[in-house]
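> How does the following fold in three dimensions:
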Amino acid sequence: MEPLSIEGSPKTPTVNFDPVTGKLEMKGRSIPENAIEFYKPLVVWLEEYYNCPQKLTEFFVHFEYFNTSSSKCLVDVFRRVEAIYKSGNNVIIHWYFEEDDGYMQEAGEDYQSIIKVPFKMVEVTED
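You can find the predicted model right below:
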């Protein structure tokens, strides 16, 4: 299985999914013109990864901002991660948010309440 790597842009996040290490990362802004089109390869990749996941899959999510359509697509992504967890694998989602960003913290807490995967809320303090 090949890694999935998407270079970020001002409107789309950087994505690095590594099937060998089990480390999945999304970072940046998510305001794509077509969120469904952008997130579809991530969902397809996760469906394939489900068949041969690592013993521990860590998903690092660090968004500066995401729009409503991205939010809906993230649920689809997280549901695939949840399926990996429910099939007996160790999975943890690390949700990063800036210390003064209540919106991003609340969004993480909302996902934590609906996705049955261990979440680690990570507050990032500015230097």
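
> Tell me where the longest strand sits in this structure.
For the chain, the longest strand by residue count, based on DSSP state E, is strand 56-66.

> The next helix-or-strand element following that strand: how far from the chain's middle?
For strand 56-66, the following helix or strand on the C-terminal side (DSSP states H and E) is helix 68-86. Mean-position distance between helix 68-86 and its chain equals 8 Å (C-alpha atoms, centre = their mean, to the nearest Å).

> Which strands or helices does helix 68-86 pack on?
Contact partners of helix 68-86 among helices and strands, from 3 or more C-beta pairs under 8 Å, 6 or more residues apart in numbering; DSSP states H and E: strand 23-30, helix 35-49, strand 56-66, strand 90-98, helix 102-114. C-betas here are computed from N, CA, C, even on glycine.

> okay, these in TSV with distance to Ile6, mean neighbour count and mean pLDDT next?
Below are the helices and strands packed on helix 68-86 laid out as TSV (distance: least, C-beta to C-beta, whole Å; neighbours: other C-beta atoms under 10 Å; pLDDT from 0 to 100):
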stretch	distance to Ile6	mean neighbour count	mean pLDDT
strand 23-30	9	20	98
helix 35-49	8	17	98
strand 56-66	14	19	97
strand 90-98	18	19	97
helix 102-114	21	15	95
